[in-house]
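Novice: Let's see this in three dimensions:
(2 chains)
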Amino acid sequence: MARTLIHAPATAKRGEVIEIRATIAHPMETGYRSGDDGKVVPRNILRRFSCRYNGELVFSAELFPAVAANPYLAFHTLATESGTLALTWEGDGGFLQTENVSIAVTA
Amino acid sequence: MDCRAFILLLGVSVAASLAAGWASGQTPSAGQRRSGFEYMGRSTQAMQQDDTLNPGMLWVGEGEALWSRPAGAGGKACIHCHAAAVSSMRGVAARYPAFDERLARPLSLGQRINQCRQQHQQAAPLGAESQELLSLETYVAHQSRGLPVALPDDARLAPFLLQGEQRFRQRMGQLKLSCAQCHDTNAGKRLGSSVIPQAHPTGYPLYRLEWQALGSLQRRLRACMSGVRAEPYAYGAQELVELELYLAARARGMALETPGVRP
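Specialist: A predicted model of the protein is given here:
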């Protein structure tokens, strides 16, 4: 499990625009570099990030070799109802990680 | 203007510029000292100051997990002897490198963590610059964030401190440059596009955007050495610890920033 830093409000008013920030520890190895032994280091990058709010996709992004290590993504969504934000990173070598954040929405 | 007057004028201007260079070439006095943080752009400063943006916090989080994870034959974790790091480790990193009585030499914080692992946890030492060691070191140093560097006035450290200072002023490598020539004489000016900081190690271990990773002060020192085409001292070498010691003495009273972010 890669370590993550997720910042999302624990509570929000209905209709409020909320900001979510997410960083994940990942080398984002491009596949274009060679190691100390002169051999090419195999590519190991995250390909896709998505955020589902109670199952509904509210944000997604595709990542490429030019993205720096430990990628940071910030985005906004509308607070609609109490529930869970599921943040998912998918990448090379079958990398798959989901982190859940709870949010309580008041009227 | 006759020739002699021109030479005299030239002599005066050279002397003036030398004097100016000499004045700015000194180790900065207490009031003139600046952390590398102050030379950074606003966006990089914001990145360091906001814990939800600072990638170094990934290592702090990892270190926090390792703090309570048992290791070695003793089955003990850091937390079993030291309790919660938030209180027990507060101010500790500000006093490093510290003198070790048994070895009769100063140890860096990373070396002290490894010594603890071997003696009290009966565990294998962690590799230099390994993620585990960097995480623990960052977590411990993070507990002193905001506190002033407080290297003790320990007479036993004095000879090592002197060695460190001499090494700081000693020219090295194919470029024959000393640390002082860049970081005292030309601090604040640019080397290529980068500002040369005053060599105050207040943010270590820190996240360098260039490295795309977190690294120790020894990694930074070694990178500088290969920059002047010198053979870097090995990780954990006495010479590097002495340099760390001298740098900590220069930064006495400056606030620790761990985990710092630098470009």
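Novice: For the stretch 151-263 of chain B, just list every one of the strands.
Specialist: For the stretch 151-263 of chain B, the strands defined by DSSP state E, counting those that start in this stretch cover B:190-191, B:194-195, B:206-208, B:213-215, B:261-262.
Novice: roughly how far apart are the residue of the stretch 101-250 of chain B found nearest chain A and A:Tyr72?
Specialist: The minimum distance from the stretch 101-250 of chain B to chain A, using Cβ to the nearest Cβ, falls at B:Gln212 (3.8 Å). C-beta coordinates here come from the backbone N, C-alpha and C atoms, glycine included. Using Cβ to Cβ, to the nearest Å, we find B:Gln212 at a distance of 12 Å from A:Tyr72.
Novice: Just want to know which of these two has more residues nearby.
Specialist: A:Tyr72 (16 against 13; other Cβ atoms under 10 Å in any protein chain shown).
Novice: so how far is chain B from the more buried one?
Specialist: In this view, A:Tyr72 and chain B are 7 Å apart by Cβ to the nearest Cβ, to the nearest Å.
Novice: so what does the longest strand along chain A touch, helix or strand wise?
Specialist: Taking DSSP state E as the criterion, chain A has its longest strand at strand A:95-106. For strand A:95-106, the packing partners by 3 or more Cβ pairs under 8 Å, 6 or more residues apart in numbering or on different chains; DSSP states H and E come out as strand A:4-7, strand A:11-13, strand A:17-24, strand A:83-91.
Novice: A:Ala66: neighbour count?
Specialist: With other Cβ under 10 Å as criterion, A:Ala66 counts 8.
Novice: Identify the residue spatially nearest to it, adjacent ones excluded.
Specialist: For A:Ala66, ignoring the flanking residues on the chain, the nearest one in space by Cβ to Cβ, 6 or more residues apart in numbering or on different chains is A:Thr30 at 7.7 Å.
Novice: now B:Ser178
Specialist: B:Arg171 (4.7 Å).
Novice: Same list (the strands of the stretch 151-263 of chain B) but as a markdown table, adding distance to A:Val58.
Specialist: Shown next, in a markdown table, are the strands of the stretch 151-263 of chain B (distance: least, Cβ to Cβ, whole Å):
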| stretch | distance to A:Val58 |
| --- | --- |
| strand B:190-191 | 44 |
| strand B:194-195 | 40 |
| strand B:206-208 | 29 |
| strand B:213-215 | 31 |
| strand B:261-262 | 29 |
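Novice: how about the residues of chain A near chain B?
Specialist: Contact residues (Cβ under 8 Å from any Cβ of the partner chain) of chain A with chain B: A:3-5, A:7, A:21, A:23, A:25, A:27-28, A:68-70, A:72.
Novice: which one of those residues has the most neighbours?
Specialist: Top of the residues of chain A next to chain B by neighbour count (other Cβ under 10 Å): A:Asn70, with 23 neighbours.
Novice: any idea what sits nearest that residue, other than its immediate chain neighbours?
Specialist: B:Pro55 (4.7 Å).
Novice: didn't that neighbour look like it was pressed against A:Thr23?
Specialist: Yes: using Cβ atoms under 8 Å, B:Pro55 is in contact with A:Thr23, at 6.1 Å.
Novice: Give me the neighbour count for the residue nearest to A:Ala66.
Specialist: There are 16 residues near A:Thr30, going by other Cβ under 10 Å.
Novice: what's the neighbour count on the spatially closest residue to A:Pro42 that is not a sequence neighbour?
Specialist: Excluding the flanking residues, the one nearest A:Pro42 by Cβ to Cβ, 6+ apart is A:Gly31, at 6.3 Å. By other Cβ under 10 Å, the residues close to A:Gly31 number 12.
Novice: need the contact list for A:Gly31.
Specialist: A:Val40, A:Val41, A:Pro42, A:Arg43, A:Asn44, A:Ile45, A:Pro65 (Cβ atoms under 8 Å, 6 or more residues apart in numbering or on different chains).
Novice: With B:Tyr96 instead?
Specialist: B:Tyr96 makes contacts with B:Leu107, B:Ser108, B:Leu109, B:Arg112, B:Leu151, B:Ala248, as judged by Cβ under 8 Å, 6+ apart.
Novice: Check what pLDDT the fifth one gets.
Specialist: Here, the pLDDT recorded for B:Leu151 equals 95.
Novice: Next: the one 4 residues further on.
Specialist: Note for B:Ala155: predicted pLDDT of 95.
Novice: any idea how far it is from B:Met172?
Specialist: 29 Å.
Novice: Just want to know which of the two has more residues nearby.
Specialist: For B:Ala155 against B:Met172, the residue with the higher neighbour count under other Cβ under 10 Å is B:Met172, and the figures read 17 against 8.
Novice: roughly how far apart are that one and B:Arg220?
Specialist: Distance of B:Met172 to B:Arg220, computed by Cβ to Cβ: 15 Å.
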